[in-house]
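K.L.:
need a 3D model of the sequence below.
(2 chains)
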Amino acid sequence: AQSVTQLGSHVSVSEGALVLLRCNYSSSVPPYLFWYVQYPNQGLQLLLKYTTGATLVKGINGFEAEFKKSETSFHLTKPSAHMSDAAEYFCAVSLYNQGGKLIFGQGTELSVKP
Amino acid sequence: EPEVTQTPSHQVTQMGQEVILRCVPISNHLYFYWYRQILGQKVEFLVSFYNNEISEKSEIFDDQFSVERPDGSNFTLKIRSTKLEDSAMYFCASNPGPSYEQYFGPGTRLTVT
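P.N.:
Got it, this is the predicted structure:
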């Protein structure tokens, strides 16, 4: 069965600093990988996704993630944090041959200090 | 841009009561999902629905839960007899197929007292 682990339930960075949110997955077959963002009292918004092809994927708001099969990782990065990036970030995995259900990690709350 | 909508945004109910949470998926999408998020915890898959039947359900989705697509636009989640532990945010999602990204609604916050 697939699973997702997000290291660090809370990450705090200064404005302008690098953002690195870690995600490792477990899957018996090549998965599809996603990062979603959740702002307070809102739903989930897709940041970026990896299905096939290029392993470095770019998303909205300057975020990107790299699929590393050998490390079973899909870490999310942004070169320079902005105050508006403060939110909860969820990594998720799905298997296209299992109806597409998403399995989410525990989430990482990102705080950005001025 | 098309979006998934959910009603109500907040539902308060007493333990043992039935609740129906409503969702309108994006019109050309074929796959529909319900997830829940208990306060402070991760988002959990409940059920997926395709071609008017459940395609997969989780252990959480027991006999107290049911889903229905009563017409061409709505997708509902019914909890027959609510428990305190059903208090959570419930998200509906849809996509054109299982290999596509899922679009989430804003959620319904269910509070069981």
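K.L.:
C-alpha only now, for contacts and for neighbours.
P.N.:
Will do.
K.L.:
just the pLDDT for residue A:97.
P.N.:
Looking at residue A:97, its pLDDT reads 62.
K.L.:
give the contact list for residue B:101.
P.N.:
A:46, A:49, B:95 (Cα atoms under 8 Å, 6 or more residues apart in numbering or on different chains).
K.L.:
what sits against residue 35?
P.N.:
With no chain named, the answer covers chain A. A:46-49, A:76, A:89-92.
K.L.:
that's the wrong chain, I wanted chain B
P.N.:
So residue B:35 contacts B:43-47, B:90-93 (Cα under 8 Å, 6+ apart).
K.L.:
let's see 7 Å
P.N.:
B:43-46, B:90-92 (Cα atoms under 7 Å, 6 or more residues apart in numbering or on different chains).
K.L.:
same deal with residue B:15?
P.N.:
Shown in contact with residue B:15 (Cα under 7 Å, 6+ apart): B:82-84, B:112-113.
K.L.:
helix or strand: which one has it?
P.N.:
Using DSSP states H and E, residue B:15 sits within no helix or strand.
K.L.:
okay, it and chain A: tell me how far apart.
P.N.:
Residue B:15 sits 24 Å away from chain A when distances are taken as Cα to the nearest Cα, to the nearest Å.
K.L.:
what are the phi and psi angles of that residue?
P.N.:
Dihedral pair for residue B:15: phi -50, psi 140, per degrees, to the nearest 10.
K.L.:
just give me the residue right at the centre of the chain.
P.N.:
Assuming you mean chain A. residue A:35 (3.4 Å; Cα atoms, centre = their mean).
K.L.:
sorry, I should have been clearer: chain B.
P.N.:
residue B:34 (3.4 Å).
K.L.:
assign that one to helix, strand or coil.
P.N.:
At residue B:34, secondary structure determined by DSSP: H, G, I helix; E, B strand; the rest coil is strand.
K.L.:
read off the pLDDT value for the residue lying closest to it once chain neighbours are set aside.
P.N.:
Excluding its sequence neighbours, the residue lying closest to residue B:34 (Cα to Cα, 6 or more residues apart in numbering or on different chains) is residue B:92, at 4.6 Å. Looking at residue B:92, its pLDDT is 97.
K.L.:
how many neighbours does residue B:92 have?
P.N.:
31 (other Cα atoms under 10 Å in any protein chain shown).
K.L.:
so it sits right up against residue B:21, yeah?
P.N.:
No: counting by Cα atoms under 7 Å, residue B:92 stays clear of residue B:21, with 9.3 Å between them.
K.L.:
can you give me the strands in chain B?
P.N.:
Under the criterion DSSP state E, strands of chain B are mapped to B:5-7, B:10-13, B:19-24, B:31-37, B:43-50, B:53-57, B:65-68, B:75-79, B:88-95, B:103-104, B:108-112.
K.L.:
note down every partner strand of the shortest one and its orientation.
P.N.:
The partner list of strand B:103-104 in its sheet, established with DSSP bridges, is strand B:88-95 (antiparallel).
K.L.:
could you check how far the strand it pairs with is from the centre of its chain?
P.N.:
Distance of strand B:88-95 from the chain centroid (Cα atoms, centre = their mean, to the nearest Å) equals 5 Å.
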